[in-house]
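Engineer: how would this look folded up:
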Amino acid sequence: MKSITITGGCGFIGRNLTRILLNRGDRVRILDNLSVGTQGELARVATVQQASGWPADSTKIDLMIGDIRDPAACAAALTGAQATVHLAAQSGVMPSIESPLFDCETNVLGTLNLLQACVQQGTRQFVFASSSAPLGETTPPVHEGLPARPMSPYGASKLSGEGYCSAYFHSFGIRTTALRFSNVYGPGSAHKGSVVARFFRSALEGEPLIIYGDGEQTRDFIYIDDLCSAILGALDSDTGGETFQIATFHESTVNEIAAQVRRVVERDLGIQVEIRHVGARKGEIVRSFSDISKARRQIGYEPKMSLHQGLEQTWAWFRENYHVGAKL
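Structural biologist: The predicted structure follows:
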């Protein structure tokens, strides 16, 4: 049993990771400002107690409501933690362009606050949710040896987080691991702004599937349980100061995703789904998919879910749980 603090644990990835950690017997504390996820959604995973100390076993979750921009909140959340998984972030290219200072305060200073709390509280392991955005536009498949040339403030802030992870490993001995997540999707992702969730929401709301640009831009789409398995691999390894690409080593176009979403929705609901193209967005990468060889070698990572199966399972969840106008 490990005592693990998850920042942003009320969000999509955090709730699924919490479920998996509890199932294997770990104790979980969550630090979240409830800006995206809710306590009600978290309560669907396990019984939630608020700031009551570490649960005695894996049947409860300790929730601390606070912000990673607050050093005191970070220190309190890491008290007694053996490891922390840092998921809380300003996530997204466009919001970072609209408000670069907020992006920096959250993603750079927030990460630094947590790393410093690790030093203060004796937390020896730190898993950081990064992205391929630090690499910018480069010829895929991308890998950990490529130079970083971020194209957005979001990419720059995640690169800074990776840099501080390396610094705190070498300077303070914190076993840091930066995981560059590709585009995650899956059941329970109703609040996400990523393309799969956005397409399913639009289809159920009777709206067109909006594609920015020609739709030939590619991404590496990873199912939520596969992504969580990479986090577990990092938590269970002895690596420190390392960065890993976490993806599937397969690229799919946005047009392909839209076509698959339209197919399953029209098949099951008997409605017509429109696909509409609008102007391309600034700061977005055209092609992106990742070589996952290093993660396979060093943390035993191996994705299992095919895109077809993953989209079917995601659609089944949306069909049963997403209600237009209702708060999830």
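Engineer: And stretch 115-131, what's buried?
Structural biologist: For stretch 115-131, a neighbour-count test (16 or more other C-beta atoms under 10 Å) marks 115-118, 121, 123-131 as buried. C-beta: built from backbone N, CA, C; applies to glycine.
Engineer: do stretch 287-298 as well
Structural biologist: So for stretch 287-298, counting by 16+ other C-beta under 10 Å, buried means Arg287, Ser288, Phe289, Ser290, Asp291, Ile292, Lys294, Ala295, Gln298.
Engineer: Contacts only, for the third one.
Structural biologist: The contact partners of Phe289, taken as C-beta atoms under 8 Å, 6 or more residues apart in numbering, are Pro140, Pro141, Val142, Ser182, Thr218, Arg219, Asp220, Ala247, Thr248, Phe249, His250, Glu251.
Engineer: what do you get for the fifth one?
Structural biologist: Under the criterion of C-beta under 8 Å, 6+ apart, the contact partners of Asp291 comprise Pro141, Val142, His143, Gln245, Phe249.
Engineer: Centre of the chain to stretch 144-155, how far?
Structural biologist: How far stretch 144-155 lies from its chain's middle: 17 Å, per C-alpha atoms, centre = their mean, to the nearest Å.
Engineer: Quickly check the buried residues of stretch 115-131 for the two that are furthest apart.
Structural biologist: Across the buried residues of stretch 115-131, no pair lies farther apart than Gln121 and Ser131, at 26.5 Å, counting by C-beta to C-beta.
Engineer: biggest helix in the protein by residues?
Structural biologist: Secondary structure of the chain per DSSP state H: the longest helix is helix 153-172.
Engineer: hey, where'd the strands end up in the stretch 101-250 of the chain?
Structural biologist: 125-131, 175-181, 183-185, 209-212, 218-219, 221-223, 242-246 (DSSP state E, counting those that start in this stretch).
Engineer: Next, format these as TSV and append distance to Ala156 and mean pLDDT.
Structural biologist: Compiled in TSV, the strands of the stretch 101-250 of the chain are given as follows (distance: least, C-beta to C-beta, whole Å; pLDDT from 0 to 100):
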stretch	distance to Ala156	mean pLDDT
strand 125-131	11	97
strand 175-181	14	98
strand 183-185	19	95
strand 209-212	21	96
strand 218-219	20	94
strand 221-223	23	97
strand 242-246	16	98
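Engineer: Of all those strands, which one comes closest to Leu269?
Structural biologist: strand 209-212 (14.1 Å).
Engineer: And the contacts of the closest one?
Structural biologist: 198-199, 202-203, 254-255, 258, 261-262, 273-281, 284.
Engineer: Check the gap between the nearest residue to Ile246 once chain neighbours are set aside and Gly213 for me.
Structural biologist: Leaving aside its chain neighbours, Ile246 sits nearest to Ala230 (4.4 Å; criterion: C-beta to C-beta, 6 or more residues apart in numbering). According to C-beta to C-beta, to the nearest Å, Ala230 stands 29 Å off from Gly213.
Engineer: Tell me which of the two has more neighbours.
Structural biologist: Taking other C-beta atoms under 10 Å, Ala230 and Gly213 do not tie; Ala230 has more neighbours (26 against 14).
Engineer: Assess the claim that the more buried one and Ala295 are in contact.
Structural biologist: Yes: contact criterion C-beta atoms under 8 Å: Ala230 and Ala295 qualify, at 6.4 Å.
Engineer: which residues do these two both contact?
Structural biologist: Joint contacts of Ala230 and Ala295 (C-beta under 8 Å, 6+ apart) are Phe244, Ile246, Tyr301.
Engineer: now the residues you listed in a markdown table, with neighbour count?
Structural biologist: Below are these laid out as a markdown table (neighbours: other C-beta atoms under 10 Å):
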| residue | neighbour count |
| --- | --- |
| Phe244 | 28 |
| Ile246 | 29 |
| Tyr301 | 25 |
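Engineer: Arg175: which of these is nearest?
Structural biologist: Phe244 (13.6 Å).
Engineer: give the contact list for Leu17.
Structural biologist: The contact partners of Leu17, by C-beta under 8 Å, 6+ apart, come to Ile6, Gly9, Val85, Leu87, Cys228, Ile231.
Engineer: can you give me the helices in this structure?
Structural biologist: Going by DSSP H, the chain shows helices at 12-23, 39-43, 71-78, 93-98, 100-104, 110-121, 153-172, 195-204, 224-235, 254-269, 293-299, 307-321.
Engineer: Give the buried residues for the first one.
Structural biologist: Okay, so that is helix 12-23. In helix 12-23, counting by 16+ other C-beta under 10 Å, buried: Phe12, Ile13, Gly14, Arg15, Asn16, Leu17, Thr18, Arg19, Ile20, Leu21, Leu22.
Engineer: and if you look at the second one?
Structural biologist: By neighbour count with 16+ other C-beta under 10 Å, helix 39-43 contains the buried residues Glu41, Leu42.
Engineer: List the contacts of it.
Structural biologist: So helix 39-43 is contacted by Gly9, Cys10, Arg15, Thr18, Ile30, Val48, Ile61, Leu63, Gly188, Leu328 (C-beta under 8 Å, 6+ apart).
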